[in-house]
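S.K.: just need the structure, nothing else, for what follows:
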Amino acid sequence: MATTTILTGILLIALGLGSYVGTGSEHKTALIPAAFGLPILILGFLARNPARRALTMHIAVTVGLLGFLGSLVSFVKGVTGEALQSRPVAVYAQGAMVLVTGIFVAMCVNSFIQARRSRAS
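M.R.: As a prediction, this is how the structure comes out:
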C-alpha cells in the first residue's frame, strides 16, 4: 500500500497544480488537492519502513478521508448551485479529488481488513 499511497499523493499534487494553472493562477484554493497530496506522499514514503507502516498508513487514510469528505461537500454544493457555470474548473477538480481520495480510502480499508484477517489465521 505504500506505493499506492505515493501514487495517490502524486495524483493529488498534480491535480492541485493543474487546477491552479487551469484557473489562471489566480485562485490559491485550487491548490487544496496538493495540500492533501503532499502529506499523503510523505506518509507513503514513511510507510516503506515496516516498523512505521501501520501507523503511517492509518494517518494517511485519515488525511485521505478528510480530503474525501471535504471535497465531497464542495462538489455537491458546486454541482447543485451556480458554481458549475461560474467556475467549472473548480467543480471538476473537486469531483476528481472525490474520486481519487474515495478510491484511496476504499483501497486502504480493504488492505486493513485483509491484514487483520491474515493475522487472525
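
S.K.: please, which helix or strand holds the residue nearest the centre of the chain?
M.R.: Per Cα atoms, centre = their mean, the C-alpha nearest to the average position across the chain is that of Thr101, at 3.6 Å. Assigned by DSSP states H and E, Thr101 belongs to helix 88-120.

S.K.: on that earlier part again, quick check: closest non-adjacent residue to the residue nearest to the centre of the chain.
M.R.: Spatially, and ignoring its direct neighbours in sequence, Thr101 is nearest to Phe68 (3.9 Å; Cβ to Cβ, 6 or more residues apart in numbering). To be clear about C-beta, it is placed using only N, CA and C from the backbone, and glycine gets the same treatment.

S.K.: check what pLDDT the one you found gets.
M.R.: Predicted confidence (pLDDT) for Phe68: 96.

S.K.: same check, this time on Glu26
M.R.: 81.

S.K.: helix/strand/coil for it?
M.R.: Assigned with DSSP: H, G, I helix; E, B strand; the rest coil, Glu26 falls in the coil class.

S.K.: could you give the number of residues near it?
M.R.: Around Glu26 there are 8 other residues, counting by other Cβ atoms under 10 Å.

S.K.: that one and Ser86, how far apart?
M.R.: With distances taken as Cβ to Cβ, to the nearest Å, Glu26 is found 13 Å from Ser86.

S.K.: okay but the residue nearest to Thr101 is in contact with Ala96, surely?
M.R.: No - counting by Cβ atoms under 8 Å, Phe68 sits too far from Ala96 to count as a contact (11.9 Å).

S.K.: more neighbours, those two?
M.R.: Set Phe68 next to Ala96 and count neighbours by other Cβ under 10 Å: Phe68 wins out with 22 against 18.

S.K.: what distance do you get for the more buried one to Phe45?
M.R.: Taken as Cβ to Cβ, the span from Phe68 to Phe45 is 21 Å.

S.K.: before we move on, the earlier item: what mean pLDDT does the helix holding Thr101 have?
M.R.: On average, helix 88-120 scores 91.

S.K.: mind giving me the packing neighbours of that helix?
M.R.: Contact here means 3 or more Cβ pairs under 8 Å, 6 or more residues apart in numbering; DSSP states H and E; on that basis helix 88-120 packs against helix 2-22, helix 32-46, helix 53-80, helix 83-86.
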